[in-house]
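> Need coordinates for the below:
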Amino acid sequence: MSQINFGHVKNFVALQAKLIAELNRCFASPLQDAPKRGRFKLSEYTWCFKKHGMGFRFLRLQSPRIIIEAHEYLSNSGVIDAWRMLLYLESLGLKPEAELIDLYLYEQCRAGLLFPLGSRSYELVPLE
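Modelled structure (predicted):
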């Protein structure tokens, strides 16, 4: 579990929030209006997106080719789960075990840093 730390969680959530905000800026209702596939520029990077189910997968085209998977709770950019973290960490070149990510997120919930949403999804607790 040493490969994952709370910095990874915060960085993921911040990047996911920026990507979803840009998607919302480009499309009034992304799940209805966005094409199945597309791309946009965010800061100095070009991101591709693929719409699927109730969410989107984002892929940064420049190295490292970061993956952000927003597969549910699209209206809440602070949501995180083990699947999202696994894809994100692997895209950073880390190789954590999915079970350890799930355990880590649960421990962060018990520590009061994440709020449980059900079905092993969590929301980042805002700092006051």
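> which of the residues in stretch 94-101 are buried?
Residues 96, 101 are the ones in stretch 94-101 that count as buried (16 or more other CB atoms under 10 Å). For glycine as for every other residue, the C-beta is placed from the backbone atoms N, C-alpha and C.
> Kindly report the same for stretch 44-58.
Using 16+ other CB under 10 Å as the test for burial, stretch 44-58 gives 47, 49, 51, 55-58.
> Output that stretch as CSV, nothing but the C-alphas.
What follows is stretch 44-58, C-alpha atoms only, in CSV (Å, rounded to 0.1, in the frame of the first residue of the first chain):
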residue,chain,number,x,y,z
GLU,A,44,-1.3,23.0,-22.1
TYR,A,45,-2.6,19.4,-22.5
THR,A,46,-4.9,17.8,-25.0
TRP,A,47,-7.4,15.4,-23.6
CYS,A,48,-9.5,12.8,-25.4
PHE,A,49,-12.7,11.6,-23.9
LYS,A,50,-15.0,8.6,-24.5
LYS,A,51,-18.5,8.6,-23.3
HIS,A,52,-19.8,5.3,-21.9
GLY,A,53,-22.7,4.3,-19.7
MET,A,54,-23.2,7.1,-17.2
GLY,A,55,-19.8,8.6,-17.5
PHE,A,56,-16.6,9.4,-19.4
ARG,A,57,-13.1,8.2,-19.6
PHE,A,58,-10.5,10.9,-20.2
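> who's in contact with it?
19, 22-23, 30-31, 34-41, 59-62, 67-72, 74 (CB atoms under 8 Å, 6 or more residues apart in numbering).
> Return the subset of these lying in strands.
Cross-referencing the contacts of stretch 44-58 against strands under DSSP state E gives 37-41, 59-60, 67-70.
> which one of those residues sits closest to Met85?
Met85 lies nearest to Glu69 out of the ones in strands among the contacts of stretch 44-58, by CB to CB, at 9.2 Å.
> Contacts only, for that closest one.
55, 57-58, 83-84, 87-88.
> Which strands or helices does the longest helix that the chain contains pack on?
Using DSSP state H to define each element, the chain has its longest helix at helix 6-26. When contacts are defined as 3 or more CB pairs under 8 Å, 6 or more residues apart in numbering; DSSP states H and E, helix 6-26 packs onto strand 37-42, strand 45-52, strand 55-60, strand 67-70, strand 79-81, helix 82-91, helix 98-110, strand 121-124.
> Fine by me, thanks again.
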